[in-house]
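Trainee: what shape does this take:
(2 chains)
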Amino acid sequence: MTTSDEPDQEPVAPQLVRPYVITNGRNLLGDHEFSLITLVTAAEDISRTGNLDPEKRRLLELCSGGYLSVAEIVGHSHLPVGVVKILLSDLTEEGYLFTRAPIPAAKLVDRHILEEVLNGLQARFG
Amino acid sequence: MTQYFQDPALWGLIAGTPVAATAIIRGRKSIAELRKEKQELKAHYATLEDHYAEAVEEAKDRAEEATKTALKSAMRTLQGLASEQQLAITKLQDKYGELQILQDLLDIDHMNSQFARRAQSIAVLCDGWLGRQRDAASLYDVVRSAKGRIRHFTRVEIRAQSNFAIVSRAVEPVALTLAELLDNATSYSAPETVIEINIRPVPKGVCIIVDDAGVGMNEEEKARAAKLLSSERSPGVSGLGNPPQFGFTVIGVLAARYGFTVSVDSTSPYGGVRAVVLLPDELLTAMPEPAPEPQPEPKEFPAVAASSPMPPEENPVAPSTTFGGLPKRRRRGAISIVPTADSAEAPAPRSSEQAASVMGAFQRGTQSGRRSTNASSEGHETQ
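Mentor: Residues are numbered from 1 along each chain as shown, chains lettered A, B, ... in the order given. So this is what the prediction gives:
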């Protein structure tokens, strides 16, 4: 509809489908379930994605190239973090995605243990 | 004979006859005149009555027009505020997406959408502004958008996705129409029941079918609804009744203006109302190709430990359809942390000084790493 008092088109139109509709009004996940550095990848044998919501399909496509962290997925999806986490959790439960806890940073090994191992080896083979 | 001449009655008769005759003739004349006058009066009265009706009608129209203008401008302000608020909420959702406050922001977003829809409905009745023009959107997204504009949206289940999309000018009207239908459906059915939406292609276009499990409508209500839904001209703000019934009136105006049809005269399989929106081919289009996304703005995330390099992405040429046969969105931009060698977004070549400092930093890093782990067991090191 065009009327004379229609304002200038603003550059940013609000999203058509709001985030609370995408999650269907569900509550956010607890903090422990997904962290920003949880790694996610798509399962090998994905079939029947036709019934998934467009947002979920897009997340699956994002993840199909290998492990991605939740933070990266959020950056590409243009959705709030909490909403992406809900969708990822759904996809994981439905078997479309695998998650992996982040790889812990390398720790310094206790010198004492190494010495004991060395001593043990020497006692046996040395 | 003479006796008769002497009779005064005779003389009386003789004298009276012409008088009587004259009187009768005069009487007739005056009756005819009176009739004529009466007819003239009648005609005059009729014209007066017509003028009066016209004047009343005109006054009514003027009042209606004035109401419409006032309401239209008021709604225009409210709609603008609602959409401004929606943008603000979107920004907040992105900013605090990680925190529990997001839950509240989502709720506020929902309330804002309902508020915007109310203002939009009234604006439609006043021939006002329907909202910002949207891009063509998939039917599924339009239905979901409609779902988000009512209070009890979690009761609405969309059964089928489709490959249809709606042309840009019809996106808002169809979404608003569906929202009003869904609002009726949720209001007139028990809180635990589900409202079901099906999308079905038909020879003339596409049908969106809304089934509720409510109490249904009786014949009188159906007739009234059909009248409102098919009316070319809106009954206006003053014809909404008390309590005002917006839904069907708004739908009727939108359907007439944008050329789709809505019927509510059948019964749903669950005993409630079945509403059918028939969108003709003119309002349909192919699924829109996603517009090229602007480069995502850098968001502020806590530094992610990039301790686990991703496997470099293989050729990111995605097939053009998904497994389900739907058009596939192409991924934009490199996604892996490690950019591929031929990535289009490779960083600009460094100057020699930069390269030298980077290499230096790398070397210092490896050295300190080796020292700290005391990793002499890894073999001989040359420095």
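Trainee: what helix or strand is residue B:265 on?
Mentor: strand B:261-267 (DSSP states H and E).
Trainee: after that strand comes which helix or strand?
Mentor: Next along the chain after strand B:261-267, with elements defined by DSSP H and E, is strand B:273-280.
Trainee: partner strands of that following strand, parallel or antiparallel?
Mentor: strand B:205-211 (antiparallel), strand B:261-267 (antiparallel) (DSSP bridges).
Trainee: and of those strands, who's closest to residue B:79?
Mentor: Nearest to residue B:79, of all the strands paired with strand B:273-280, is strand B:261-267, at 23.0 Å by Cβ to Cβ. C-beta coordinates here come from the backbone N, C-alpha and C atoms, glycine included.
Trainee: mind listing what's buried along that closest one?
Mentor: B:261-264 (16 or more other Cβ atoms under 10 Å in any protein chain shown).
Trainee: can you list contacts of that strand?
Mentor: The contact list for strand B:261-267 (Cβ atoms under 8 Å, 6 or more residues apart in numbering or on different chains) reads B:177, B:181, B:216-217, B:222, B:225-226, B:229, B:248, B:251-252, B:255, B:273-278.
Trainee: mind checking which of those are buried?
Mentor: When the contacts of strand B:261-267 are checked against 16+ other Cβ under 10 Å, the ones flagged as buried are B:177, B:181, B:216-217, B:222, B:225-226, B:229, B:248, B:251-252, B:255, B:273-278.
Trainee: thinking again about what came up before, now tabulate the buried residues of strand B:261-267 in a markdown table and tack on pLDDT.
Mentor: Below are the buried residues of strand B:261-267 laid out as a markdown table (pLDDT from 0 to 100):
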| residue | pLDDT |
| --- | --- |
| B:261 | 93 |
| B:262 | 94 |
| B:263 | 92 |
| B:264 | 91 |
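Trainee: how much space between residue B:363 and residue A:108?
Mentor: 22 Å (Cβ to Cβ, to the nearest Å).
Trainee: which one of those two has more residues nearby?
Mentor: Per other Cβ atoms under 10 Å in any protein chain shown, whichever of residue B:363 and residue A:108 has more neighbours is residue B:363, with 11 against 8.
Trainee: burial count for the closest residue to chain B within chain A?
Mentor: Going by Cβ to the nearest Cβ, chain B is nearest to residue A:50 of chain A, at 2.4 Å. Neighbour count for residue A:50, taken as other Cβ under 10 Å: 12.
Trainee: any stretches of the stretch 101-250 of chain B with poor pLDDT?
Mentor: B:232-235, B:242 (pLDDT under 70).
Trainee: again, but for chain A
Mentor: A:1-14, A:46, A:103-105.
Trainee: go again with 50.
Mentor: A:1-11 (pLDDT under 50).
Trainee: strands of that one, start to end?
Mentor: A:39-42, A:68-69, A:97-100 (DSSP state E).
Trainee: how far does the second one sit from its chain's centre?
Mentor: From the chain centre to the centre of strand A:68-69 is a distance of 6 Å (Cα atoms, centre = their mean, to the nearest Å).
Trainee: over to the first one?
Mentor: Put simply, strand A:39-42 sits 7 Å off its chain's centre (Cα atoms, centre = their mean).
Trainee: could you do stretch B:95-110 as well?
Mentor: With Cα atoms, centre = their mean, you get 25 Å for stretch B:95-110.
Trainee: try stretch B:266-281
Mentor: 18 Å.
Trainee: ok, stretch B:167-176 next?
Mentor: The answer for stretch B:167-176 is 7 Å, by Cα atoms, centre = their mean.
Trainee: residue boundaries of the helices in the chain?
Mentor: This is for chain A. A:19-22, A:54-63, A:70-77, A:81-93, A:111-125 (DSSP state H).
Trainee: that was the other one, I meant chain B.
Mentor: B:2-6, B:8-95, B:101-125, B:139-147, B:168-187, B:219-230, B:247-258, B:352-373.
Trainee: turn these into CSV, columns for distance to residue A:24.
Mentor: Formatted as CSV, these follow (distance: least, Cβ to Cβ, whole Å):
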stretch, distance to residue A:24
helix B:2-6, 118
helix B:8-95, 16
helix B:101-125, 11
helix B:139-147, 9
helix B:168-187, 14
helix B:219-230, 29
helix B:247-258, 24
helix B:352-373, 47
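Trainee: I'd like those helices written out as CSV, with distance to chain A added.
Mentor: Listed next are those as CSV, based on distance: least, Cβ to the nearest Cβ, whole Å:
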stretch, distance to chain A
helix B:2-6, 98
helix B:8-95, 4
helix B:101-125, 4
helix B:139-147, 5
helix B:168-187, 7
helix B:219-230, 19
helix B:247-258, 7
helix B:352-373, 7
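Trainee: residue contacts, residue B:217?
Mentor: Contacts of residue B:217 (Cβ under 8 Å, 6+ apart): B:225, B:264, B:273.
Trainee: adding distance to residue B:197, write these out as CSV.
Mentor: Below are the contacts of residue B:217 laid out as CSV (distance: Cβ to Cβ, whole Å):
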residue, distance to residue B:197
B:225, 19
B:264, 14
B:273, 13
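Trainee: now do the contacts for the residue positioned nearest the centre of chain A.
Mentor: The centre of chain A sits closest to residue A:70, judged by Cα atoms, centre = their mean, with a distance of 3.2 Å. For residue A:70, the contact set (Cβ under 8 Å, 6+ apart) comprises A:34-38, A:40, A:81, A:84-85, A:88.
Trainee: can you check residue A:26 too?
Mentor: Neighbours of residue A:26 in contact, by Cβ under 8 Å, 6+ apart: residue A:86.
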